[in-house]
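Novice: Show me how the following folds:
(one chain, ligands or ions: 1)
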Amino acid sequence: MNKASFLLDSQSARARPPLEIHVRLEARETSWEPAPGNTVAAWGYEGLVPGPTLVARVGDTLVAHLVNSLPEPTLIHWHGLRLPAGMDGTELGQSPVPPGGHFEYRFELNDAGTFWYHSHTNETVQIERGLYGALVVLGPDEPRFDADRLLVLDDVKLDGRGQIAKTALFDRHTGREGKVLVVNGRTEPELEIAAGHVELWRIVNACSARYVRLSIGGRPIRIVGSDGGRRNEALTVTEALITPGERLELAIGPFEDEGAELAIESLPYRRTAMKRPRLDTWGKLRVGPRARTLATAPAATATVWPLVPEGPLTPTRTVRLGARMTLHGHDWLINDRQHYHDAPVKVGELQIWELLNETGMDHPFHLHGFFFQVVAVNGVPVAVSEWKDTVNVVGKGRVTIAFRPDDRPGQWMYHCHILEHHAAGMMGHFEVVR
Ligand SMILES: [Cu+2]
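Specialist: Predicted structure coming up:
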């Protein structure tokens, strides 16, 4: 185990007027040492894996200068951000930035929460090699925790020479999972929390396909936030599923037993019949000497009002997640098509989409640019208390989501966040029109 802190400097940004934050994100070849003694050829923003952690406040303007020093085109997608369509960083809104080219992303940060940025070109290669990073946006009235930590989870698949393995045919079907588990780019971190302390942990699942059913030694933990910031009320659990693309904000502690060692692990989860579920260890949390807590109650800071009134739900659209066998393996489909061209939606018009999974495998559904509410699962209404941009749809399952597009017309997309499924066609695009 390697001692780590993963502390986020969330204090300095807290009490200051809104700023324009300028960052340079050069995508370039670099070397990365995920495990001690194992250096791999990687791609990183500013040569780092993950890329620089960006910390900002609601009301700030982020100006990110992408410089492409890779041998192939690239783009940066700002996952979860409500920004103009032209800044979303997909090939729908801009041309890929060629080698030697550059692009300036500029947008205001409207929402507090834990977000991430990543390549949106040839993702199965570019994200796997390290082109991702976190963006944390602080709100005006953040509750106080004894520590604010960021844990970006990723898995890396190495070949026999200890280098990042090439894409295999099987990856296209099941999604790529690697045996090397890294948190903020490092294996086996060991963290310490003082007995009596309550910390905020922001978790990002940056894996290509791996589902994380997170457990901290089986202890009760409280979910205080999700993709779109804080929940209405904290939800106490002993495990939490985080699918690729999703984020969770957790209140960890207080633990009373000084000296205890808790495993940070993911419990077995069966997302497909093709993979045997297994327990994986990400790291360790040691309970250190007792210290006085300064944390305030982490509870309810958000007021998330349900978009849809109680009563029967009539979907405005059905999005079917499907697959078909082909000569080169599987194609992954939306409404029987690869890269489905969906109908436009109108600014201000309530959208109720039924996501219908026709396959036997789970798919994490990601909508670009707009937060949604999960209003029903398998037709059964659920209480709304959070905003999401990525939601798991279990094999043969049905999830109903609702959102109301605000005035940001343009081309947008949704897709499965298992990167290989997205690449193999499980993606749709639609226009938001006035
Ligand atoms: Cu999928």
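
Novice: quick one: contacts for residue 147?
Specialist: By C-beta atoms under 8 Å, 6 or more residues apart in numbering, the residues touching residue 147 are 7, 193, 197, 199-200. Quick note: C-beta positions are derived from backbone N, CA and C, even for glycine.

Novice: Residue numbers of the stretch 301-434 of the chain in contact with the ion?
Specialist: Contacts of the stretch 301-434 of the chain with the ion, taken as C-beta under 5 Å from the ion, map to 363, 416, 418, 421.

Novice: So which residues of the stretch 151-300 of the chain form strands?
Specialist: Using DSSP state E, counting those that start in this stretch, the strands found in the stretch 151-300 of the chain span residues 180-183, 186-187, 189-194, 199-205, 212-216, 221-226, 229-237, 240-242, 247-252, 261-266, 280-288.

Novice: Specify the angle between the helix or strand containing residue 116 and strand 247-252 in degrees.
Specialist: Residue 116 is part of strand 113-119, with elements assigned from DSSP states H and E. Strand 113-119 runs at 140 degrees relative to strand 247-252, counting by axes from the mean of the first three to the mean of the last three C-alpha atoms, to 10 degrees.

Novice: Can you name the residues in contact with the helix or strand just after strand 113-119?
Specialist: For strand 113-119, the following helix or strand on the C-terminal side (DSSP H and E) is helix 123-126. Outside helix 123-126, the residues within contact range by C-beta under 8 Å, 6+ apart are 27, 43, 70, 74, 118-119, 167, 171, 176, 208, 419-420, 422-423.

Novice: swap in stretch 370-380?
Specialist: Residues contacting stretch 370-380 (C-beta under 8 Å, 6+ apart): 80, 82, 111, 227-228, 304, 306-308, 313, 351-353, 381-382, 384, 386-389, 391, 397-403, 405-406, 412.

Novice: Same check on stretch 270-284?
Specialist: So stretch 270-284 is contacted by 1, 4, 153, 173-174, 177, 181, 183, 188-191, 211-212, 261-269, 360-362, 395 (C-beta under 8 Å, 6+ apart).

Novice: could you measure the nearest residue to residue 344 once chain neighbours are set aside against residue 362, distance?
Specialist: Leaving aside its sequence neighbours, residue 344 sits nearest to residue 431 (C-beta to C-beta, 6 or more residues apart in numbering; 4.3 Å). When distance is defined by C-beta to C-beta, to the nearest Å, residue 431 is 29 Å away from residue 362.

Novice: So for residue 101, which of the strands of the stretch 151-300 of the chain sits nearest?
Specialist: Across the strands of the stretch 151-300 of the chain, residue 101 has its closest neighbour in strand 199-205 (27.4 Å, C-beta to C-beta).

Novice: And the contacts of the closest one?
Specialist: Residues outside strand 199-205 that contact it (C-beta under 8 Å, 6+ apart): 8, 114, 116, 134, 136, 145-153, 193, 212, 214, 224-225, 242-253, 295, 298.

Novice: hmm, back to that, hey, what's the residue nearest to residue 344 bridged with?
Specialist: Partner residues in beta bridges with residue 431, using DSSP bridges, are residue 411.

Novice: May I have the predicted confidence score for it?
Specialist: Looking at residue 431, its pLDDT stands at 98.

Novice: and it, how many neighbours?
Specialist: When neighbours are counted by other C-beta atoms under 10 Å, residue 431 registers 16.

Novice: which residues does it contact?
Specialist: Counting by C-beta under 8 Å, 6+ apart, residue 431 has contacts 344-345, 409-412.

Novice: Contact partners for the closest residue to residue 317 other than its chain neighbours?
Specialist: Nearest non-adjacent residue to residue 317, counting by C-beta to C-beta, 6+ apart: residue 353, 4.8 Å away. Neighbour list for residue 353: 315-319, 372, 400-402 [criterion: C-beta under 8 Å, 6+ apart].

Novice: Could you look up the SS state of the closest residue to the ion within the stretch 201-350 of the chain?
Specialist: The minimum distance from the stretch 201-350 of the chain to the ion, using C-beta to the ion, falls at residue 332 (6.1 Å). Residue 332 falls in the strand class when you classify it by DSSP: H, G, I helix; E, B strand; the rest coil.

Novice: From residue 94, how far off is the nearest residue to it once chain neighbours are set aside?
Specialist: The spatial neighbour of residue 332 that comes closest, neighbours along the chain excluded (C-beta to C-beta, 6+ apart), is residue 426 at 3.6 Å. Per C-beta to C-beta, residue 426 is found 22 Å from residue 94.

Novice: same check, this time on residue 425
Specialist: 22 Å.

Novice: ranges for the helices of this protein?
Specialist: Counting by DSSP state H, the chain has these helices, from start to end: 123-126, 169-174, 419-423.

Novice: Any idea how many residues pack against the residue in the stretch 101-250 of the chain positioned nearest to the ion?
Specialist: Relative to the ion, the nearest point of the stretch 101-250 of the chain is residue 175 (6.7 Å; C-beta to the ion). Per other C-beta under 10 Å, the neighbour tally for residue 175 reads 31.

Novice: show me what contacts it?
Specialist: Neighbour list for residue 175: 208-210, 418-421 [criterion: C-beta under 8 Å, 6+ apart].

Novice: and the ion, which of the contacts of strand 199-205 reach it?
Specialist: Counting by C-beta under 5 Å from the ion, no member of the contacts of strand 199-205 is near the ion.

Novice: Quick check, residue 185 in contact with residue 50.
Specialist: Yes. Between residue 185 and residue 50 there is a contact under C-beta atoms under 8 Å: 5.6 Å.

Novice: Neighbour count: those two, which is higher?
Specialist: Between residue 185 and residue 50, counted using other C-beta under 10 Å, the more crowded position is residue 50 (25 against 20).

Novice: Give me the phi and psi for the more buried one.
Specialist: With angles defined as degrees, to the nearest 10, residue 50 sits at phi -60, psi 170.

Novice: Around the nearest residue to it once chain neighbours are set aside, how many other residues sit close by?
Specialist: Computed as C-beta to C-beta, 6+ apart, the closest residue to residue 50 that is not its neighbour in sequence is residue 133, at 4.6 Å. Residue 133 is flanked by 25 other residues according to other C-beta under 10 Å.

Novice: partner residues bridging residue 133?
Specialist: Here residue 133 sits in beta bridges with residue 117, as judged by DSSP bridges.

Novice: wait, it sits on residue 117?
Specialist: Yes. Counting by C-beta under 8 Å, residue 117 is a contact partner of residue 133 at 5.6 Å.

Novice: what bridges to the residue nearest to residue 10 when sequence neighbours are not counted?
Specialist: Nearest residue to residue 10 in three dimensions, chain neighbours excluded: residue 148, at 4.3 Å (C-beta to C-beta, 6+ apart). Per DSSP bridges, the residues bridged to residue 148 are residue 200.
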